[in-house]
Each structure stands twice: as C-alpha cells, then as structure tokens.
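Peer 1: here's my sequence, what's the structure:
(2 chains)
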Amino acid sequence: NAGVTQTPKFQVLKTGQSMTLQCAQDMNHNSMYWYRQDPGMGLRLIYYSASEGTTDKGEVPNGYNVSRLNKREFSLRLESAAPSQTSVYFCASSEANANTGELFFGEGSRLTVL
Amino acid sequence: GENVEQHPSTLSVQEGDSAVIKCTYSDSASNYFPWYKQELGKRPQLIIDIRSNVGEKKDQRIAVTLNKTAKHFSLHITETQPEDSAVYFCAASKTNTDKLIFGTGTRLQVFP
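Peer 2: Residues are numbered from 1 along each chain as shown, chains lettered A, B, ... in the order given. Purely as a prediction, here's the structure:
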C-alpha cells in the first residue's frame, strides 16, 4: 500500500517549457487535490477533483490544467512554465465521507523554472 | 471564497512550555477545521480536527478550541518536546468533503 505517489520528485524547466506532474493513489479515494507550497504562503489549492470525471478550480488555477484520468490518477500540467511557478507541488487524496476529511499527501515534487 | 489567517508565523518555546497557534477564517459557512503538521522535508500529516458542533477536542498533549461566533480556532500543545518542532497548518472547509483552504503556517521550534 504505497498511498499517494507523485512523479517526478525533482524537475528543472526553462521558461516556456511544458511538463506534467503525475499523481496516483491506491486507497480508492474519491477526492484528489493539487496544492503548491511556497515559503510564507502555506499550501494553496490549485485544482481539485471531488470524484472521477469532475475537476474544479482552487485558489490559484492560472497557468495550470488538470486531468482526472480515472479514480486513481490526477495529473497537473504546466503548458508554458514561468519562474513564478517555481514551487513544491503536493498531490493529496481524501476518502471525503461523513466520518473523515483527512487529506493524505504525496511526498511532493520540487519544480524549478529558470 | 474562504480565507484563513494564521498567527504567529514563527514561535519558539522552551521544552516543557506550552505553545498556542491561532487561526481566523472568513466564511461563516465553514464547519470543518483540521490541523496538519509538516516536519522538515516531509509531507503534511493530519494531527487533529474539529467540527463546528464541538467547542473543544483533546488528544493527549494537543487540543483544539473553536469559537464559531468569533470565527477563530486555536491549537494548544502542552509539555512541548523537541519532536514537536515542525510547521503547523490550520485549515477550514464547509464540510469534511469540501475543498480545504490552508493558513500560511507556523514554524514551531522547541529548544531543549
């Protein structure tokens, strides 16, 4: 049981390049999320998916796109990377039922845009 | 949308002392308030949560209090230990199945 797995763990891009962060969970969770973490700014929600087939914008969606490929996988795409997107990205999943709202996070992906 | 403010941004205490972190939220419809701990280089992990029908919840050395009228909630850590050193995040959402909005974090340092 690996929990939430993110790839890659580290990536360096040049301005204008594109890339996709992959996330997969093996806990059969309905909801999945992408957050970015920057010093002094906490965890900011980029996009989330409440269930397979649905996606919604979070606090900071500009410059990103997402795909909920199936119940297990939720990818984040940067079409044209900018230095302002240098950050640590966390994927998370949640059972999201009446008993618990706990988010289970992946290990994070550190992205640097030059 | 929801906005969560967290204070202080850094907190240093002596081992054995208590630590208190405070958060305020803007959306009166919020009803679920978890706290996450993130150790250096690690992922955030849930340590305790509280729902709006409860004013206080305890789990060993940690406790959370909620004041819905004032729209603020707090994390209390008693008898702090060096392993409590970490960044703590508060968060809020309308339900525990809704999107979670985080505060900016508090870096707690516990000195031996």
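Peer 1: find the nearest non-adjacent residue to the residue in chain B that chain A sits nearest to, please.
Peer 2: Closest approach between chain B and chain A, counting by Cβ to the nearest Cβ: residue B:96, at 2.7 Å. Heads up, the C-betas are built off the backbone N, CA and C, glycines and all. Nearest non-adjacent residue to residue B:96, counting by Cβ to Cβ, 6 or more residues apart in numbering or on different chains: residue A:101, 2.7 Å away.
Peer 1: repeat that for residue A:40.
Peer 2: residue B:104 (6.4 Å).
Peer 1: which SS class is that neighbour?
Peer 2: Put simply, residue B:104 is coil when judged by DSSP: H, G, I helix; E, B strand; the rest coil.
Peer 1: thought it was touching residue A:37?
Peer 2: No - with contacts counted by Cβ atoms under 8 Å, residue B:104 stays clear of residue A:37, the gap being 10.4 Å.
Peer 1: so residue B:91 sits right up against residue B:103, yeah?
Peer 2: Yes - assessed by Cβ under 8 Å, residue B:91 is found in contact with residue B:103 at 6.8 Å.
Peer 1: look at these two and report which has more neighbours.
Peer 2: The neighbour count for residue B:91 versus residue B:103, taken as other Cβ atoms under 10 Å in any protein chain shown, is higher for residue B:91 (28 against 25).
Peer 1: what's the helix or strand for that one?
Peer 2: Using DSSP states H and E, residue B:91 sits in strand B:86-92.
Peer 1: ok, residues contacting that strand?
Peer 2: By Cβ atoms under 8 Å, 6 or more residues apart in numbering or on different chains, the surrounding residues in contact with strand B:86-92 are A:42-43, B:2, B:4, B:6, B:21, B:23, B:25, B:27, B:30, B:32-40, B:44, B:47, B:73, B:75, B:100-103, B:105-108.
Peer 1: do stretch A:70-84 as well
Peer 2: Residues from elsewhere that reach stretch A:70-84 (Cβ under 8 Å, 6+ apart): A:13-26, A:28-30, A:32-34, A:46-47, A:49, A:52, A:63-69, A:85, A:89, A:91, A:93, A:111, A:113-114.
Peer 1: ok, now stretch A:95-108?
Peer 2: Contacts of stretch A:95-108 (Cβ under 8 Å, 6+ apart): A:3-6, A:9, A:23, A:25, A:27, A:29-31, A:33, A:37, A:50, A:88-94, B:32, B:34, B:36, B:42-46, B:49, B:93, B:95-97, B:100.
Peer 1: so which of the residues you listed are in strands?
Peer 2: A:4-6, A:23, A:25, A:31, A:33, A:37, A:88-94, B:32, B:34, B:36, B:45-46, B:49 (DSSP state E).
Peer 1: buried subset of these as a PyMOL selection?
Peer 2: In PyMOL, this line selects whichever of the ones in strands among the contacts of stretch A:95-108 come out buried by 16 or more other Cβ atoms under 10 Å in any protein chain shown:
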select buried, (chain A and resi 4+6+23+25+31+33+37+89+90+91+92+93+94) or (chain B and resi 32+34+36+46+49)
